[in-house]
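[1] Model the structure of this input:
(chains A, B, C and D)
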Number of protein chains: 2
Amino acid sequence: MEAKSERALSDRQERVLKAIVEDYIRHAAPVASEALVREHGLGVSSATVRNEMAELETLGFITQPHTSAGRIPSEKGYRYFVQRLMEEQRIPRSEQLTIRHQFHQVALAREQWLQLAAAVLSRSVRAAAIVSSPQTVECRVKHFEALLMQDGLGLLVLVLQDGTVKQQLMQVPDGTAQEDLSQGANRLNSLFGSKSRREIATLDVEVGPTEDLLQRAVLSLMAQIDQREAINVYHDGIVELLDQPEFARTERARAIVEVLERPQTLRELFPVIPTTDGIQILIGSENRWDWMKECSFVLARYGAAGDLTGVVGVIGPLRLSYSVAVPAVRYVSKIMTELLGENGVG
Amino acid sequence: MEAKSERALSDRQERVLKAIVEDYIRHAAPVASEALVREHGLGVSSATVRNEMAELETLGFITQPHTSAGRIPSEKGYRYFVQRLMEEQRIPRSEQLTIRHQFHQVALAREQWLQLAAAVLSRSVRAAAIVSSPQTVECRVKHFEALLMQDGLGLLVLVLQDGTVKQQLMQVPDGTAQEDLSQGANRLNSLFGSKSRREIATLDVEVGPTEDLLQRAVLSLMAQIDQREAINVYHDGIVELLDQPEFARTERARAIVEVLERPQTLRELFPVIPTTDGIQILIGSENRWDWMKECSFVLARYGAAGDLTGVVGVIGPLRLSYSVAVPAVRYVSKIMTELLGENGVG
DNA sequence: ATTAGCACTCGGCGGGCGAGAGTGCTAACG
DNA sequence: CGTTAGCACTCTCGCCCGCCGAGTGCTAAT
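    As a prediction, this is how the structure comes out:
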């Protein structure tokens, strides 16, 4: 059996599998051999198809919900389908233009087009969509200065490695001199250089009260910066999910909606998405999360690799329309990358 | 019958009605007379309660789903309950503090606390929550200037009635003089004063090319300002709805989710909410929208009345827990008003 | 290797039935 | 006259059962 599953499928087996997957994605009902020859013009009899189906079942590509029902694709079947059989469905030129137009209309307000991306995707794929706000790499210190403005009041100027400059007022003990601050800053600068907030927080400085003060001020400012860039996750299209028969009882929908609305879990997912170009497809139990055993993801990164990137994609049942989802996600992520480049980092 | 319904309910009738509503809100099942005396200590027999129930039914405060089932509150019953019988449930001091703390943690990023408001509300009320971003009144011109920066390039400076100043570069025909611009601006200023964008757009100026140019520039800048302030609507807690038995079949959930995800409909609702302080409770068909026949809203405005305000509230089934929802919405809107005041308009 | 034919399996559906819950009514009671 | 015990009546819900039909797997023929 193991040996068999290594062998590639025959041409006809592939045609049958493809027909089953497409039919099931379309109609959400187990696919019968008769229906298959009738509607997919396979040019052979239903008996032959039945034989192939039996073979495909022992190979693990399809299953029957019960004896004497049609077949439905297994996860393995879906995977084979997306890797080898699927024909991506081109997005009509006119629709491409409408989408692009919508984006440019709200190009100035980032929050708006993140939400728009989710809306557009969920509508065209008819599944839920998620979009994370673009995230820089955690900010890192290059250098900082501490200036005395007046007695008891200092100014912290922080230069980050990417060149941005941030500043913040801070209280200092009365009587602190500019020299004290400069000396403290000098000592700390060599320690803090190119470190992230968490790394600095774990440093144990213990040189003196001024250094302590400066360290806390730097950390607080960095925290604000990291915070400002906190990942937001937008979602849309729950209503599309509710239309799917697999969610006719709400218990099924609950799990997936819970994930959409509590972004924490999604945030854990995002680092997994490769930074390289390309679409990531996760089917069912293909990963360690239990709650997505019965869901599929089609995800992509957008933005400049290694710099400012986010994740965009769709979530749906296993029976997701991959051939629509893949080009849609690719197209939307492309637009978002462009937009981010145009009026992005600065 | 009409006459009867005018008469106030007897003391005991009120107690019975209150018990029915509370019980039904808690258990989502028709309430029987026995259960009522058993669990609400009414001090009379079930037979007496049955008589009162019959009376309450002819008065239209409760109904039975079918003969030989318990009673459930009608819309009228809910309305009477919230107006006269409900005891608002105080939010525990500790919870108040946690909530306030959460808000102050993200006080700087408006988008974050709008989302947070929805999250907090939906969790504590166990229903869906909506929050609209604060919206200024449509911006209105006070005065504008047009300056010539260099040949072919002008600068438009626009002062709005609320005192904010906006500026934008604009192209002007080569050879245009400062004097041309000043004269045009002079003429238009008297026309545009205290007008909104739409009003200015419908003005037919027709004095000359310079005026035409200026009008278009002003409109374009105002459009950007109005646009930037476009209402966003955040929502959360769909998952709480899915937990309610009334949404066990997704068809019921669909309608309400659709509304939450397509903010257009909600935007139409918001102007209805009174600008004055106070909570607005909408129960079922109490309004012109069909899609919310079986939903209740508990809404409030936040922000400075007449200036920068938004709407916050919860949506749930008729069986919404009003006694929790009202104080929760009030408290959250209060916090948001404070936050908006602190680091708001500027 | 393909296909027609056929027996077999199993889920879904509708009908009938019994149990239980809850009411409305009536008659008795203070 | 308001309250209550008792009781008959109604209606839903869950259950069982048997039928129907869809779809398969197998066998034998081509």
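[2] Tell me where the model's unsure across the stretch 151-300 of chain A.
    Regions of the stretch 151-300 of chain A meeting the criterion pLDDT under 70 cover residues A:162-164, A:227-230, A:287-288.
[3] how about the strands of it, start to end?
    Using DSSP state E, counting those that start in this stretch, the strands assigned to the stretch 151-300 of chain A run over residues A:153-160, A:165-171, A:233-236, A:279-283, A:295-303.
[4] In the stretch 151-300 of chain A, what residue lies closest to DNA strand D?
    A:Arg249 (14.5 Å; C-beta to the nearest atom of the strand). Quick note: C-beta positions are derived from backbone N, CA and C, even for glycine.
[5] distance of the residue nearest to that residue when sequence neighbours are not counted from DNA strand C?
    What sits nearest to A:Arg249 in space, not counting adjacent residues and going by C-beta to C-beta, 6 or more residues apart in numbering or on different chains, is B:Ala248, at 6.9 Å. With distances taken as C-beta to the nearest atom of the strand, to the nearest Å, B:Ala248 is found 17 Å from DNA strand C.
[6] try A:Thr265
    Distance from A:Thr265 to DNA strand C, by C-beta to the nearest atom of the strand: 32 Å.
[7] Give the closest residue to that residue in space, chain neighbours not counted.
    A:Thr265 sits nearest to A:Val259 (C-beta to C-beta, 6+ apart), 5.2 Å away.
[8] now swap in A:Ile99 and tell me
    A:Val120 (5.6 Å).
[9] I'd assumed A:Arg100 was in contact with the one you found.
    No. Using C-beta atoms under 8 Å, A:Val120 is not in contact with A:Arg100, being 10.1 Å away.
[10] what residues are up against A:Arg90?
    Counting by C-beta atoms under 8 Å, 6 or more residues apart in numbering or on different chains, A:Arg90 touches A:Pro327.
[11] oh sorry, the question was meant for A:Met336
    A:Met336 touches A:103, A:113, A:117, A:302-303, A:310, A:312, counting by C-beta under 8 Å, 6+ apart.
[12] repeat for A:Ala35
    So A:Ala35 contacts A:23, A:70 (C-beta under 8 Å, 6+ apart).
[13] I'd like to know how far it sits from DNA strand D.
    Separation of A:Ala35 from DNA strand D (C-beta to the nearest atom of the strand): 6 Å.
[14] confidence score at that residue?
    Listed pLDDT for A:Ala35 reads 93.
[15] element containing it?
    helix A:33-40 (DSSP states H and E).
[16] Convert that helix to PDB, retaining C-alpha atoms only.
    Output in PDB follows, covering the C-alpha atoms of helix A:33-40 (Å, rounded to 0.1, in the frame of the first residue of the first chain):
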ATOM      1  CA  SER A  33     -20.000   7.600 -10.500                       C
ATOM      2  CA  GLU A  34     -23.000   8.100 -12.800                       C
ATOM      3  CA  ALA A  35     -23.100  11.900 -12.200                       C
ATOM      4  CA  LEU A  36     -19.500  12.000 -13.000                       C
ATOM      5  CA  VAL A  37     -19.700  10.500 -16.400                       C
ATOM      6  CA  ARG A  38     -22.900  12.400 -17.100                       C
ATOM      7  CA  GLU A  39     -21.500  15.900 -16.300                       C
ATOM      8  CA  HIS A  40     -17.800  15.600 -16.900                       C
END
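[17] My read is that A:Phe103 contacts A:Leu114, right?
    No. Using C-beta under 8 Å as the test, A:Phe103 is too far from A:Leu114 to be in contact (10.6 Å).
[18] Pull out the buried positions in the helix holding A:Ala35.
    Residues of helix A:33-40 classed as buried: A:33, A:35-37, A:40 (neighbour count, 16 or more other C-beta atoms under 10 Å in any protein chain shown).
[19] Thanks again, I'm all set now.
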